[in-house]
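Q: Structure of the sequence below:
(chains A and B)
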2 protein chains.
Amino acid sequence: MIGIVGGVGPYAGTDLLNKIFNNTLASKDQEHLDAILLSMSSKIEDRTEYLLGKVKINPALAIVEVLHKLELIGSTIAGIPCNTAHSKKIFDTIQLELEKSKSRIKLLNMIDETVLFIASNYPDITKIGVLSTTGTYKSKLYASALRLKGYEAIVPPLEMQENTIHPAIYDKVYGIKTISNPIHPQARQNLLEGCSYLEEQGAELVILGCTEIPLAITESKINNMITVDPTNILARALIKYIDPLKLKPL
Amino acid sequence: MIGIVGGVGPYAGTDLLNKIFNNTLASKDQEHLDAILLSMSSKIEDRTEYLLGKVKINPALAIVEVLHKLELIGSTIAGIPCNTAHSKKIFDTIQLELEKSKSRIKLLNMIDETVLFIASNYPDITKIGVLSTTGTYKSKLYASALRLKGYEAIVPPLEMQENTIHPAIYDKVYGIKTISNPIHPQARQNLLEGCSYLEEQGAELVILGCTEIPLAITESKINNMITVDPTNILARALIKYIDPLKLKPL
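A: Okay, here's the model as predicted:
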């Protein structure tokens, strides 16, 4: 059974589960894959605040508790629909704690799955832009993974990151975490500004590297730049692991 | 912790969880309520097919197993975002089995919550239309609950129910259970035809009495008829039970 560490953020959890359903070959309820979503938002510290030193407790510890509960109920594989939780300081601790507790659940890495997906589906692309929270930005999460595979990674300048991109997600008035049904036009506007900058710098593809961003940018292309949604890629990887015959062709 | 019996259908589960988030007063992840969604579509027989005698096993038994799992993980209250599962033959069995197993989880009844909601929010309304699957239609689920409280319940004639309303949900080509992202225009068209009929018969309010229907009818009014979404009402009732101070005002 597929397990989802939800609550990071809440809507990212249901978004991943919906994307699992969307990518499954099924024409009735009974043909869908079984899944469990544990949305424990109150227990998991903010990932970005931890990386920026504003919070001392590593959110990895609460995430590991969620993974243990998922395993107890029958999950054999799990995903975390939160990019920032994949930063080294958090993700390495999760994996270490899982090993220490002799957990047998297989935890997919959304960042690695995304780079693999781009390599196999867009073999000619070399310049990749990334939009993300400031936590992911400073930990160079996607940038490092991309450069390791020989890609040129393009990110916004720090000023644009802090005053335009991050607020699209976290602003108390218009940020996606505050209001997402519907999305506030200002959040989308900020993200489109980011896209324009990345394309001007030569990006051929942009990774929507925070699970909230695809709620505001739903197009498969912005101008001439391909958009890639890591949550959708994680959904497909989870299905493929459980039952490859159920994976809907792209 | 709030528990959700998911998988009936899959998208109705994530829809209920999103509606819990939408109705919660929260400006950051940590202020949201904890919840668990168990989507066990492969284990739960189709509710309508059971009511129509096409399937022998009562889906109540699998639903009770899900409720036990939810309780094991820490749910104290639960909801089932499936109208048909609230028919007497299924819901009574669920409650009986929960009692027999000495379960302490509190299971809300979405139908009762909906009638209560209408009575307290629209005290002047007397004529109420209902759109649903043929299973719910034949079991007179909403019609009985409404008549018991003195309302006039209006439903489509059998021919329209079987050839227009039910296919909007179950048709293999355009039904919402087959394709919901985006909704097929034919599914919406069929449901709007149903709405027009109900309004012609004098309905002042229509209950969108199958959890898939609000995915196609998202307006709060169709012509002059108020639309009411039982999933949204169930979401609000679950929040109110866990923490009334977190419930967003209407």
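Q: could I have the top helix by length along chain A exported to PDB, CA atoms only?
A: Counting by DSSP state H, the longest helix found in chain A is helix A:185-200. The C-alpha trace of helix A:185-200 is given here as PDB (Å, rounded to 0.1, in the frame of the first residue of the first chain):
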ATOM      1  CA  PRO A 185      -3.800  36.500  -8.300                       C
ATOM      2  CA  GLN A 186      -0.800  38.100  -6.600                       C
ATOM      3  CA  ALA A 187       0.700  34.700  -5.800                       C
ATOM      4  CA  ARG A 188       0.400  33.700  -9.400                       C
ATOM      5  CA  GLN A 189       1.700  37.000 -10.700                       C
ATOM      6  CA  ASN A 190       4.900  36.700  -8.500                       C
ATOM      7  CA  LEU A 191       5.600  33.200  -9.800                       C
ATOM      8  CA  LEU A 192       5.100  34.200 -13.400                       C
ATOM      9  CA  GLU A 193       7.700  37.000 -12.800                       C
ATOM     10  CA  GLY A 194      10.000  34.300 -11.600                       C
ATOM     11  CA  CYS A 195       9.300  32.200 -14.700                       C
ATOM     12  CA  SER A 196      10.000  35.200 -17.000                       C
ATOM     13  CA  TYR A 197      13.400  35.800 -15.300                       C
ATOM     14  CA  LEU A 198      14.400  32.200 -15.600                       C
ATOM     15  CA  GLU A 199      13.500  32.000 -19.300                       C
ATOM     16  CA  GLU A 200      15.400  35.200 -20.000                       C
END
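Q: packing partners for whatever helix or strand comes next after that helix?
A: Elements were assigned by DSSP states H and E; along the chain past helix A:185-200, the next helix or strand is strand A:205-208. In terms of contacts (3 or more C-beta pairs under 8 Å, 6 or more residues apart in numbering or on different chains; DSSP states H and E), strand A:205-208 is packed against helix A:110-121, strand A:127-131, helix A:185-200, strand A:225-228. Every C-beta, even on glycine, is put in place using the N, C-alpha and C of the backbone.
Q: who touches strand A:205-208?
A: A:114, A:118, A:122, A:125, A:127-131, A:142, A:195, A:198-199, A:214, A:217, A:222, A:225-230 (C-beta atoms under 8 Å, 6 or more residues apart in numbering or on different chains).
Q: So for it, mean pLDDT?
A: Strand A:205-208 shows a mean pLDDT of 98.
Q: What parts of chain A come near chain B?
A: Taking C-beta under 8 Å from any C-beta of the partner chain as the contact definition, chain A meets chain B at A:6-11, A:13-14, A:17-18, A:21-22, A:27-46, A:69, A:72-73, A:172, A:177-178, A:181.
Q: Do you have the helices of chain A handy? List them.
A: According to DSSP H, the helices that chain A contains are A:10-22, A:47-51, A:60-73, A:88-100, A:110-121, A:134-138, A:141-148, A:158-160, A:166-170, A:185-200, A:213-216, A:230-242.
Q: Quick one: list the elements packing against the fifth one.
A: Yep, that's helix A:110-121 we're talking about. helix A:141-148, strand A:205-208, strand A:225-228, helix A:230-242.
Q: can you redo those as a markdown table with mean neighbour count?
A: Below are the helices and strands packed on helix A:110-121 laid out as a markdown table (neighbours: other C-beta atoms under 10 Å in any protein chain shown):
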| stretch | mean neighbour count |
| --- | --- |
| helix A:141-148 | 19 |
| strand A:205-208 | 25 |
| strand A:225-228 | 20 |
| helix A:230-242 | 22 |
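Q: Any chance of those in JSON lines with distance to residue B:242 as columns?
A: Shown next, in JSON lines, are those (distance: least, C-beta to C-beta, whole Å):
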{"stretch": "helix A:141-148", "distance to residue B:242": "35"}
{"stretch": "strand A:205-208", "distance to residue B:242": "33"}
{"stretch": "strand A:225-228", "distance to residue B:242": "37"}
{"stretch": "helix A:230-242", "distance to residue B:242": "27"}
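Q: hang on, the earlier thing: now the buried members of the residues of chain A next to chain B.
A: Neighbour counting with 16 or more other C-beta atoms under 10 Å in any protein chain shown marks A:6-11, A:13-14, A:17-18, A:21, A:29, A:32-41, A:44-46, A:69, A:73, A:177-178 as buried within those.
Q: Based on its surroundings, how many neighbours for residue A:57?
A: Burial of residue A:57 is recorded as 10 neighbouring residues (other C-beta atoms under 10 Å in any protein chain shown).
Q: Please verify my assumption that it contacts residue A:44.
A: No - in this structure, residue A:57 is not within contact of residue A:44 by C-beta atoms under 8 Å, at 9.7 Å.
Q: Residue B:204 is nearest to which of the helices of chain A?
A: The minimum distance between residue B:204 and those falls on helix A:10-22, with 32.8 Å, by C-beta to C-beta.
Q: Run through who's touching the closest one.
A: A:2, A:4-7, A:32-33, A:35, A:37, A:39, A:41, A:79, A:81-82, A:180, A:211-212, A:214-215, A:231-232, A:234-235, A:238-239, A:248, B:10-11, B:13-14, B:17-18, B:21, B:29, B:32, B:37, B:39, B:181.
Q: avg pLDDT for it?
A: If you average the pLDDT over helix A:10-22, you get 94.
Q: Please state the offset of it from the chain centre?
A: 11 Å (C-alpha atoms, centre = their mean, to the nearest Å).
Q: Stretch A:62-72 now?
A: With C-alpha atoms, centre = their mean, you get 19 Å for stretch A:62-72.
Q: in terms of contact, does residue A:194 touch residue A:166 like I think?
A: No - here residue A:194 does not reach residue A:166: they are 10.2 Å apart, not a contact under C-beta under 8 Å.
Q: Against chain B, how distant is the nearest residue to residue A:201 once chain neighbours are set aside?
A: Using C-beta to C-beta, 6 or more residues apart in numbering or on different chains and skipping the chain neighbours, the partner closest in space to residue A:201 is residue A:154 (4.9 Å). In this view, residue A:154 and chain B are 28 Å apart by C-beta to the nearest C-beta, to the nearest Å.
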